[in-house]
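1. Let's see this in three dimensions:
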Amino acid sequence: MNKVFIAGSNIISSLGFTSKENFNNILEGNSGLRYQSEDAIHPISYLNRSLFNEHCLLEKIDEELSLFEKLCILSIKYAVSKTKVDLKKEDCLLILATTKGNVGFLEKLNERSQDIHLWESATKIGNYFGAVNRPVLISNACVSSVLAQVMAVRLLKAKKYKHVIVCGADLISEFVLSGFTSFKALSNNLCTPFDTNRDGLSLGEGAGTLVLTTDSIQAVYNGASCLAGASSNDANHISGPSRTGDGLANAITSTLSQAQIKPEFISAHGTATMYNDEMESKAINLAQLNDVPVNSLKGFFGHTLGAAGIIETIITLCAMNESKIIETKGFADYGVSEQINLVTRTEDFNFNSFLKIASGFGGCNAAILYSK
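-> Numbers count the residues shown, from 1 in each chain. Sure, this is the predicted structure:
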């Protein structure tokens, strides 16, 4: 069966406009979370809008496109810039993953109402690159970009395409802020994943793009490849995660049974909400991975919704490539019932495989495994 390699990647976030810039900021311990004003209640990780606009001008991206669409286009352009992958060819597909897309337009009634539809954004982004194949859209809460990677790998291994570009992106809007506020899910402080004093998540925005390929000649990250992935739904609650962790555990065990290897590292979802972190610890325990080092990157980026899975995958690919292990920023005192091997400081660590896991509203769960 075909191996699936990484030909290119990009992250655009509050920490930079390339994967390397974001990774280097993390190695230095920098977080993108900020209080935006003296009277701000919640810290949020926003893109630098003025710098973002400068990048768009340099790349001559159409001003008529929405901020969300420009963000996706810019990330895709940077990711494919050093590859031979071309969406104008029939062997290439674009998968767009997002939770909310242009939902911010709901705040402006009757203005660009048509642009709220996610498929409209996917079409515009595909048209910008002259895509021959109609883009695939995945919107499945916060597992969107992990699930998009799972789909990409299945299509590539089935030889449906030679290259699949996966882009996950989301922005912070009043709609998103009011939604999480209504759940009482936002912390007034920087989030503290897996900590006994955790009291909610911190929001962030950004985009991540992976160029996946079966062409080994284009492989980067020392030839790292994506081995397998799976998804599940525990149908527990419209917004609350399973209390047992069995749904996420099923996605993990299904992934590992396909790959037939045990991961040497886990990149958790780690939102710093009371129930998510508890559920993840139980899922890792059920999958018998308690001894495997695990971290959360939410303290650096905030929770970037549909972009979280792919941004965190790319950072962990960089970490594996550089033999580094990244701290769980914000963590101080252990606060979940099941014992997991939580990483508390950034240091040298050689690992050859990792599992990225995610969970979201509606009981959805997803996992994907990379190895070098």
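2. can we go C-alpha only for contacts and neighbour counts from here?
-> Noted.
3. Domain-wise, how is the chain divided?
-> 4-218, 223-371 (automatic domain parsing).
4. Can you lay out the ones you listed as TSV showing mean neighbour count?
-> What follows is the domains of the chain, written out as TSV (neighbours: other C-alpha atoms under 10 Å):
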stretch	mean neighbour count
domain 4-218	20
domain 223-371	22
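5. Let me have those in a markdown table, adding mean pLDDT as columns.
-> Formatted as a markdown table, the domains of the chain follow (pLDDT from 0 to 100):
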| stretch | mean pLDDT |
| --- | --- |
| domain 4-218 | 95 |
| domain 223-371 | 97 |
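6. I'd guessed residue 303 sits against residue 203; true?
-> Yes: with contact defined as C-alpha atoms under 8 Å, residue 303 counts as touching residue 203 (4.6 Å).
7. ok, the residue nearest to residue 34 when sequence neighbours are not counted - contacts?
-> Distances taken as C-alpha to C-alpha, 6 or more residues apart in numbering place residue 43 nearest to residue 34, at 4.7 Å, with adjacent residues excluded. With contact taken as C-alpha atoms under 8 Å, 6 or more residues apart in numbering, residue 43 is in contact with 33, 34, 35, 36, 188, 189, 190, 202, 203.
8. can you check residue 193 too?
-> 270, 271, 272, 273, 277, 296, 298, 299, 328, 329, 330, 331.
9. hmm, try it at 7 Å
-> Going by C-alpha atoms under 7 Å, 6 or more residues apart in numbering, residue 193 touches 270, 271, 272, 277, 296, 330, 331.
10. before we move on, the earlier item: nearest to residue 107 among the contacts of residue 43?
-> residue 203 (18.9 Å; C-alpha to C-alpha).
11. thought the closest one was touching residue 44?
-> Yes: with contacts counted by C-alpha atoms under 7 Å, residue 203 reaches residue 44, the gap being 5.2 Å.
12. Between those two, which contacts overlap?
-> The overlap between the contact sets of residue 203 and residue 44 (C-alpha under 7 Å, 6+ apart) consists of residue 302.
13. Which stretches in the stretch 51-200 of the chain count as strands?
-> Secondary structure of the stretch 51-200 of the chain (DSSP state E, counting those that start in this stretch): strands located at 92-97, 136-138, 163-170.
14. nearest to residue 178, of those strands?
-> Proximity to residue 178 (C-alpha to C-alpha) singles out strand 163-170 among those, at 15.5 Å.
15. What strands line up against the closest one, and which way round?
-> Sheet pairing for strand 163-170, assigned by DSSP bridges, gives strand 92-97 (parallel), strand 206-213 (antiparallel).
16. Distance from it to the middle of the chain?
-> From the chain centre to the centre of strand 163-170 is a distance of 10 Å (C-alpha atoms, centre = their mean, to the nearest Å).
17. Over to stretch 107-120?
-> 24 Å.
18. end-to-end on that stretch?
-> Terminal residues of stretch 107-120 lie 18 Å apart, using C-alpha to C-alpha, to the nearest Å.
19. likewise stretch 95-106?
-> End-to-end distance (C-alpha to C-alpha), stretch 95-106: 24 Å.
20. what do you get for stretch 135-152?
-> The first residue of stretch 135-152 is 12 Å away from its last residue (C-alpha to C-alpha).
21. can you check stretch 217-225 too?
-> First residue to last in stretch 217-225 (C-alpha to C-alpha) measures 13 Å.
22. ok, now stretch 343-356?
-> Counting by C-alpha to C-alpha, you get 15 Å between the two ends of stretch 343-356.
23. same check, this time on stretch 12-30
-> End to end - C-alpha to C-alpha - stretch 12-30 spans 15 Å.
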